[in-house]
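[1] sequence below, structure please.
(2 chains)
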Amino acid sequence: MSTSNEKFDSPLSDLELPTAIEPPADRASTAILREIVAHLRQRRAQLLEAWASRISEAGFLTAMSAEEVLEECGAMYDNYLAAVETGSSKSLDSYAHELSERTVTRGVGTHEVVGTVLLLRDVLAKSLYAEYGQNQDNLTRVLGAYGPAASRIATMVAVGFVREHEHIIRQQQEAMRKLSTPVLTIHERLLILPIIGILDPQRARQLTEQLLEAIRSNRAKVVVMDLTGVATMDAPVANNLVQTVGAARLLGAEVIITGVSPELARTLVTIGVDLEKLATVGDLRGGIERAARLLGYKVVPIDETTTDTATE
Amino acid sequence: MQKKTTILQLRNYLVATVQTTLVDQDFITLRDRLVSQVGNSRCTGVVLDVSELDVLDSFCVRTLSDMARMIRLRGADMLIVGIQPGVAFSMAQLGLDLDGVPTALDLDEGLAYLDSKSRRSSGRIPAWH
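    From the prediction side, this is the model:
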């Protein structure tokens, strides 16, 4: 299976997807394919059973129940034969797409689906051997027609499956990107920017953009950037962070950094950060208190404020 | 010479607004105009609005911080407002330092800053009010 994985490592957009199985070259091979399909249809029950047992032997599709596997196999069998017979991959293509949609979310791996299709190819080929094996000429013609068609189908299913995977990954990345850096207003002119997870260069750039835009749109004076959820970051990203703080200051906002981990502290000192330009406070609570002071507020217990006003 | 910057007097502040992209010579001209006007009108503060500028290169930044020092010597504070987020980030990336010249988001913020500063330093409300 590793070879098929390597094959699809390249971006799929660059890959030519066979939209149709090439029609058989001549009338004779069309007739042969018809004959093959008729033969295989006739033996459907028997071959299905053989196929299902091969699947369970190989340990594929364990995420599905036995009935589901049988049902899925039946559907795949029919679609497969239809594709071999007509040379049109349209129905198989949409079936493969639908199949991937259903199975990807259930944790069925690409290697299982591709392996299953390849098993079907083998099972059918074996049956054809048994049927046409006596006559060498016949066998050559039959396998000559069947082989390419079967290979193309297997490729198509695999590509469809991987494409579905990529689609899901892209969607999730998009969702994560949107969710990854919320900028929260907790007080007039005070923003909080909790950062959780790994800061890669792309996310750091996005964070910079979002922060600067948020400062402008909220007219923020103070931003508390909480890095408690960031274990470490590499030097370029840390540098980017320092630059973001500098840029925020040019927009008239003070950035207070909180929750710096030991690793991050080490990185920041290694890149030679100017501590005059980077205000850091131990934890988020301290950061918010510092921010309130910068904004000219004092956080005091309620009864203290009432006595304050009473004495005034 | 056509004016690329307008200088208005607002209360006891000067407000200079850059209208269009400036070349190096324009910055020098602006510097000279501001430094001379700030003494003539007994201003306590100068706000320079650069929101129309898409680029602030090392020469500009240098001229601006020089300008701020000269204005300081003439008895007023200078403040830069309206730096675009993108410009701010590229300045930070290039390590261009305004050398302690205060900055604010926009004109309103800048004037508020100067107000609070003059209140603090004089300890009384300016006679004008």
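
[2] when you work out contacts or count neighbours from here on, use the C-alpha atoms and nothing else.
    Noted.

[3] so how far is residue B:79 from residue B:44?
    11 Å (CA to CA, to the nearest Å).

[4] report the central residue of chain A.
    With distances taken as CA atoms, centre = their mean, residue A:169 lies nearest the centre of chain A, 1.7 Å away.

[5] and the helix or strand encompassing that one, average pLDDT?
    Using DSSP states H and E, the element containing residue A:169 is helix A:136-180. Averaged over helix A:136-180, pLDDT sits at 81.

[6] list the contacts for the residue nearest to residue A:213 when sequence neighbours are not counted?
    Leaving aside its chain neighbours, residue A:213 sits nearest to residue B:85 (6.8 Å; criterion: CA to CA, 6 or more residues apart in numbering or on different chains). When contacts are counted by CA atoms under 8 Å, 6 or more residues apart in numbering or on different chains, residue B:85 is found next to A:209, A:212-213, A:216, A:247-248, A:251.

[7] sec struct for residue 113, please.
    Unless you meant another one, I'm taking chain A. When classified by DSSP: H, G, I helix; E, B strand; the rest coil, residue A:113 comes out as helix.

[8] does it touch residue A:158 like I think?
    Yes. Between residue A:113 and residue A:158 there is a contact under CA atoms under 8 Å: 7.5 Å.

[9] identify the contacts common to those two.
    Counting by CA under 8 Å, 6+ apart, nothing touches both residue A:113 and residue A:158.

[10] let's have the contacts of residue B:85 in TSV, adding pLDDT.
    Shown next, in TSV, are the contacts of residue B:85 (pLDDT from 0 to 100):
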residue	pLDDT
A:209	89
A:212	92
A:213	91
A:216	91
A:247	93
A:248	94
A:251	93
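
[11] now, of those, which are buried?
    Buried by 16 or more other CA atoms under 10 Å in any protein chain shown: A:212-213, A:216, A:247-248, A:251, out of the contacts of residue B:85.

[12] what about the residue in the stretch 51-200 of chain A that chain B sits nearest to, neighbour count?
    Among all residues of the stretch 51-200 of chain A, residue A:189 sits closest to chain B, at 11.7 Å; criterion: CA to the nearest CA. By other CA atoms under 10 Å in any protein chain shown, 16 other residues sit near residue A:189.

[13] near chain A, which residues of chain B?
    When proximity is defined as CA under 8 Å from any CA of the partner chain, chain B approaches chain A at B:81-86, B:88-93, B:102-105.

[14] let's go with 6 Å and repeat that
    B:85, B:88-89, B:92-93, B:103-105 (CA under 6 Å from any CA of the partner chain).

[15] in chain B, which spans are helices?
    When assigned using DSSP state H, the helices of chain B occupy the ranges B:24-40, B:58-73, B:85-94, B:107-122.

[16] output those in TSV; the columns should cover mean pLDDT.
    Below are the helices of chain B laid out as TSV (pLDDT from 0 to 100):
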stretch	mean pLDDT
helix B:24-40	88
helix B:58-73	90
helix B:85-94	91
helix B:107-122	85
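
[17] number of residues surrounding the closest residue to chain A within chain B?
    Closest residue of chain B to chain A, CA to the nearest CA: residue B:104 (3.8 Å). Per other CA under 10 Å, the neighbour tally for residue B:104 reads 26.

[18] pretty sure it sits against residue A:253.
    No. Applying CA atoms under 6 Å as the test, residue B:104 and residue A:253 come out as separate, 7.5 Å apart.

[19] rewinding a little: any idea how far the residue nearest to residue A:213 is from residue B:97?
    Using CA to CA, residue B:85 is found at 15 Å from residue B:97.

[20] any chance of the helices of chain B in a markdown table, with distance to residue A:154 too?
    As requested, those are exported to a markdown table (distance: least, CA to CA, whole Å):
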| stretch | distance to residue A:154 |
| --- | --- |
| helix B:24-40 | 66 |
| helix B:58-73 | 61 |
| helix B:85-94 | 50 |
| helix B:107-122 | 66 |
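
[21] for residue A:266, find the nearest of those helices.
    helix B:85-94 (21.1 Å; CA to CA).

[22] returning to that earlier point: skipping its backbone neighbours, what lies nearest the residue of the stretch 51-200 of chain A closest to chain B in space?
    Nearest non-adjacent residue to residue A:189 (CA to CA, 6+ apart): residue A:220, at 3.9 Å.

[23] pretty sure the one you found contacts residue A:188?
    No. Using CA under 6 Å as the test, residue A:220 is too far from residue A:188 to be in contact (7.5 Å).
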